[in-house]
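Student: Sequence and predicted structure below; questions after.
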Amino acid sequence: MAMNALAAKRMLKDSGAKRVSADAAEELAEAVNKYAYSIAKKAVSLSAHAKRRTVKKADIELAK
């Protein structure tokens, strides 16, 4: 479930932007997806280190 350009455009508009270029929306979506993927990888690693197969909220919080 990656963020798409439409969701990024909506986020930028909700943040006060009057107009948003397609390139800006795509760039934000890509940045958010990279950041989220990085957190997910760390969280999975933390749960594995704890010898769990379930990723918990605490893993996500620690991964941030």
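Tutor: Yep, it's here. Numbering: from 1, shown residues only.

Student: Run the chain-centre distance for stretch 53-64.
Tutor: Offset of stretch 53-64 from its chain centre (CA atoms, centre = their mean, to the nearest Å): 14 Å.

Student: same check, this time on stretch 4-15
Tutor: Taking mean C-alpha positions (CA atoms, centre = their mean), stretch 4-15 and its chain are 13 Å apart.

Student: list the buried ones in that stretch?
Tutor: 5, 8, 9, 11, 12 (16 or more other CB atoms under 10 Å). Placement of C-beta: from N, CA and C, glycine included.

Student: Stretch 31-40 too?
Tutor: For stretch 31-40, by 16+ other CB under 10 Å, it's residue 39.

Student: Read off the pLDDT value for residue 2.
Tutor: Residue 2 carries a pLDDT value of 85.

Student: Now, the buried residues of stretch 4-15 that are in helices?
Tutor: Where the buried residues of stretch 4-15 overlap with helices, as defined by DSSP state H, the overlap consists of 5, 8, 9, 11, 12.

Student: okay, now the closest residue to residue 53 other than its chain neighbours: neighbour count?
Tutor: In space, and not counting its chain neighbours, residue 53 is closest to residue 47: 7.2 Å by CB to CB, 6 or more residues apart in numbering. By the criterion of other CB atoms under 10 Å, residue 47 has 19 neighbours.

Student: mind listing what residue 42 touches?
Tutor: 62, 63 (CB atoms under 8 Å, 6 or more residues apart in numbering).

Student: Make 42 the first number, not 1, from now on.
Tutor: All set: I'll call the first residue 42, so the last point we hit is now residue 83.

Student: For residue 69, the count of nearby residues, please.
Tutor: For residue 69, the count of nearby residues is 19 (other CB under 10 Å).

Student: Would you agree it is in contact with residue 54?
Tutor: No. Shown here, residue 69 and residue 54 do not form a contact pair, counting by CB atoms under 8 Å, at 11.4 Å.

Student: And the most far-flung residue of the chain relative to its centre, its phi and psi?
Tutor: Relative to the centre of the chain, the most outlying C-alpha is that of residue 92, 24.9 Å out, by CA atoms, centre = their mean. Here is the backbone geometry of residue 92 (degrees, to the nearest 10): phi 60, psi 40.
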